[in-house]
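1. Test case, fold it:
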Amino acid sequence: MLDSNTTRLITKALSASIANKEIAGANFMVIEDGQESWYHEDGYADIEAGRKMSRDSIFRLYSMTKPVTAAAVMLLLERGEIDLFDPVSQYIPGFKNQKVGKNGELVPVTREVDINDLLNMTSGLVYGGADDLAGQYTEALYQELNRRLLGTNPMSTLEFANRLGEGPLAFEPGTSWQYGTSADVLGALVEVVSGMRYGEFLQQEIFGPLQMSDTGFWLPEDKRERLASVYQDDGEGGLIPFSESPLGVNHHMDREAAYEAGGAGLVSTIEDAAKFTTMLMNQGSLNGVQLLKPRTVQFMTSASLTSPQQQGFNPWHSLQGYSYGNQMRILTDPGQAGGLGSLGEYGWDGWLGAYFANCPLERLTILFMIQRKDSGTLPITRKLRNIVLSAF
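-> From the prediction side, this is the model:
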């Protein structure tokens, strides 16, 4: 159990972050050996309404959705329904006859993107915004997705994946690593293999069995008042509300959308997130439910990149020491991590600051939930990690 001095330091750091307008409010949880050892909440879920953070506050996970998508693919893997070296075009025809951008021109790929590439972000698929052909194509596709998202002709999860496949890749599959839309394609792949909408598959195969009752791609009306508001820096050291919908995500969560983003779309509570992370820590088991088999979890939480692929891999701004595998960072060199770390630690975070880290050596989980634009891992996240890990 965390001692009183450690919890005092955590409380002090969180309080200072809120007072300094770095964040509006937060949920924070530490789990030891599969059991919650400490929980703390502070600040506001909605500053304007005066609504404080609570244990059942609901958060947009954004990229913390990605490990859930990896788990869904692991279920298909251990059931023999897919092979990781299957070409993606076997399931999603848009990935046939792909081309890659080289020196401003498009040339045929030397091999097709496979499922393993999607899991490890070595597919050549990228997010929009870059100046290369792949980035420009993806940016235009996201703009169309956003325009159609809540209209009469919305783009579906599968259509989005097919359209991604029809566009140029940033590099030859398997030759490099770049963060991008791979997890969104994995969500579509699960739809094709299972014959279900992606959200239905997750509910039936993961959220239901783990009793994650507040996790999904949209919220019924009776839960929306628990959704935490999103804030952004006002440029003057304060916070103002942020309400846009980037990456085609159903940001307001007030209706069921046709596009369910396997890389960014889920909302959840800290308690639900704890069930998922504890399942992984327990080698696939939670409360008598064996969701994934132990060997599957061992594979899912292992580093997968080769040395050439790690060039340019940079999951946390300037931090080094991490490899990547199955939609998560994996710490392979704690001495390069820019702070305290645990060998074999794995996890991920989201664009608005939702964060988890599992540390198998210590049987320790750290969960942190905030909602601030462009936060990823803020300084407060790293400070809290250091406080907790220093106690072990």
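2. Show me where the stretch 51-200 of the chain has its strands.
-> Counting by DSSP state E, counting those that start in this stretch, one finds strands in the stretch 51-200 of the chain at the ranges 51-52, 59-60, 99-102, 105-108.
3. quick one, what contacts the residue lying closest to Met300 once chain neighbours are set aside?
-> Distance criterion CB to CB, 6 or more residues apart in numbering; nearest residue to Met300, sequence neighbours excluded, is Asn326 at 4.8 Å. Yep, even glycine has a C-beta here, placed from its N, CA and C like the rest. By CB atoms under 8 Å, 6 or more residues apart in numbering, the contact list for Asn326 reads Pro67, Ala70, Val73, Met74, Leu119, Asn120, Phe299, Met300, Thr301, Ser302, Ser304.
4. Widest-spaced pair of those residues?
-> By the measure CB to CB, Val73 and Ser302 form the most distant pair in these, at 14.6 Å.
5. separation between the closest residue to Leu331 other than its chain neighbours and Leu280?
-> Counting by CB to CB, 6+ apart, Glu345 is the residue found nearest to Leu331 once chain neighbours are left out, at 4.2 Å. Distance of Glu345 to Leu280, computed by CB to CB, to the nearest Å: 12 Å.
6. shared neighbours of those two, which are they?
-> Common neighbours of Glu345 and Leu280, counting by CB under 8 Å, 6+ apart, are Asn358.
7. where are the low-confidence patches of the stretch 101-250 of the chain?
-> Residue ranges of the stretch 101-250 of the chain with pLDDT under 70: none are present.
8. which residues does Trp59 bridge with?
-> Rather than Trp, residue 59 is Phe. Judged by DSSP bridges, the bridge partners of Phe59 are Ser268.
9. coming back round to it: I'd assumed Asn358 was in contact with the residue nearest to Leu331.
-> Yes: at 6.7 Å, Glu345 and Asn358 qualify as touching, with contact defined as CB atoms under 8 Å.
10. Of the two, give the one with the bigger neighbour count.
-> Taking neighbours as other CB atoms under 10 Å, Glu345 and Asn358 compare with Glu345 leading, 26 against 23.
11. mind listing what that one touches?
-> Shown in contact with Glu345 (CB under 8 Å, 6+ apart): Ile330, Leu331, Ala357, Asn358, Cys359, Pro360.
12. Let's see which of the contacts of Asn326 end up in helices.
-> Pro67, Ala70, Val73, Met74, Leu119, Asn120, Phe299, Met300 (DSSP state H).
13. what number of residues lie near the second one?
-> Yep, that's Ala70 we're talking about. Residues near Ala70, counting by other CB under 10 Å, number 22.
14. Against Ala70, how distant is the closest residue to Asp83 other than its chain neighbours?
-> What sits nearest to Asp83 in space, not counting adjacent residues and going by CB to CB, 6+ apart, is Ile115, at 7.5 Å. Counting by CB to CB, the separation of Ile115 from Ala70 is 11 Å.
15. same deal with Leu219?
-> Taking CB to CB, one finds Leu219 at 24 Å from Ala70.
16. Test my guess that His271 contacts Ser57.
-> To be clear, residue 271 is Glu; His isn't right here. No: counting by CB under 8 Å, Glu271 sits too far from Ser57 to count as a contact (10.1 Å).
17. Those two: which has the busier surroundings?
-> Ser57 (23 against 19).
18. if I read this right, the more buried one contacts Arg226, doesn't it?
-> Yes: if you go by CB under 8 Å, Ser57 and Arg226 touch, sitting 5.8 Å apart.
19. what helix or strand does Gly376 sit in?
-> Assessed by DSSP states H and E, Gly376 sits outside every helix and strand.
20. What's the per-residue pLDDT of it here?
-> Looking at Gly376, its pLDDT stands at 73.
21. That one: what's its closest spatial neighbour, skipping adjacent residues?
-> Asp349 (5.8 Å).
22. And that neighbour, its phi and psi?
-> Backbone torsions for Asp349, taken as degrees, to the nearest 10, come to phi -140, psi 170.
23. can I assume it is in contact with Met64?
-> Yes: counting by CB under 8 Å, Met64 is a contact partner of Asp349 at 6.1 Å.
24. For these two, indicate the residue with more neighbours.
-> A direct count of neighbours by other CB under 10 Å for Asp349 and Met64 places Met64 higher, at 28 against 24.
25. The more buried one and Gln327, how far apart?
-> Using CB to CB, Met64 is found at 10 Å from Gln327.
26. any chance you could map the helices in the stretch 1-150 of the chain?
-> For the stretch 1-150 of the chain, helices defined by DSSP state H, counting those that start in this stretch occupy the ranges 4-19, 66-78, 115-120, 133-148.
27. Can you say which of the ones you listed is nearest to Val107?
-> helix 133-148 (11.0 Å).
28. From the contact counts, what lies against the closest one?
-> Counting contacts by 3 or more CB pairs under 8 Å, 6 or more residues apart in numbering; DSSP states H and E, helix 133-148 packs against helix 157-166.
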